[in-house]
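>>> Sharing a model prediction with you, sequence too.
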Amino acid sequence: MTQRSKRYRALSEEAAKVGDLSAPKPIPEAVALVVNLAGLKPTKFTESVDLSVHLNLDTKKADQQFRGSISLPHGTGRNVRVIVFVDDGDKVQAALAAGAVKAGGEDVVKEVEGGFIDFDVAIATPKMMRLVGRLGKVLGPRGLMPSPKAGSVTDDVATAVKEFKTGKVEYRTDAAGNVHLRIGTVKFDQKALVDNASAFLTHIAEHRPSSVKGEFVKNVTISSTMGPGVKIAFTAEKA
């Protein structure tokens, strides 16, 4: 049995006073509950607000590998560190000017091979993927491998850097068909969190693989970093 912290148990008890956490709630109501609970026992850091979505996917099937990107309306409240694999001098400068923490060709590939992983997003030009491919064992397990589906393989590296710096996020399912995404922090305006959550869930519903049969979105939960999960009422058919 998972051991829960004293704080987690206390917040769960408070939440029980206003309703059953297992009963799905409209997005605005779920967001308000998560933010208000976090405010009862503030932490020494700003808690993130995260969505966990369980999808009806067989991830062993190639056509049900669910991965992509979305530009959230209000960003994530996170300082995103981006590196760019590009061997064109002008594009290197453009990427750095757009906010990349590092940009370059084989020199950057070698830095990553040598242990540099202090970044959140990796972008590459199609031409550079022949070299970036050898970083698969390093970037793959961390979900950092550039991908055309995620919009991180492109010749327009400057635009891509700006997009990821201002709210574009990548997502992918784990082996069990779950997608986890940060949609903001507990200091966000609640409407901004509602907008971000609604945008992501609608995006997921619109990108349902054609081979999936039956209900696609099985379960949606929202929570703060240290708080209990609150179920969200959402059906893909209504997206």
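That came through fine. Residues are numbered from 1 along each chain as shown.

>>> pLDDT below threshold where in this structure?
Across the chain, the ranges flagged by pLDDT under 70 are 1-20, 236-239.

>>> longest helix in it, by residue count?
helix 190-206 (DSSP state H).

>>> which other helices and strands contact that helix?
Other helices and strands packing on helix 190-206, by 3 or more CB pairs under 8 Å, 6 or more residues apart in numbering; DSSP states H and E, are helix 27-40, strand 48-55, strand 67-71, strand 178-185, strand 217-224. Every residue, glycine included, has its C-beta placed from N, CA and C.

>>> Tabulate those in JSON lines, adding columns for mean neighbour count and distance to residue 198.
JSON lines is the format used below for the helices and strands packed on helix 190-206 (neighbours: other CB atoms under 10 Å; distance: least, CB to CB, whole Å):
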{"stretch": "helix 27-40", "mean neighbour count": "19", "distance to residue 198": "6"}
{"stretch": "strand 48-55", "mean neighbour count": "21", "distance to residue 198": "11"}
{"stretch": "strand 67-71", "mean neighbour count": "17", "distance to residue 198": "12"}
{"stretch": "strand 178-185", "mean neighbour count": "20", "distance to residue 198": "10"}
{"stretch": "strand 217-224", "mean neighbour count": "20", "distance to residue 198": "11"}
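
>>> Quick check, central residue of this structure?
residue 181 (3.4 Å; CA atoms, centre = their mean).

>>> pretty sure residue 50 is touching residue 222, no?
Yes: assessed by CB atoms under 8 Å, residue 50 is found in contact with residue 222 at 7.1 Å.

>>> which residues do the two both contact?
Here residue 50 and residue 222 have residue 183 as joint contacts, going by CB atoms under 8 Å, 6 or more residues apart in numbering.
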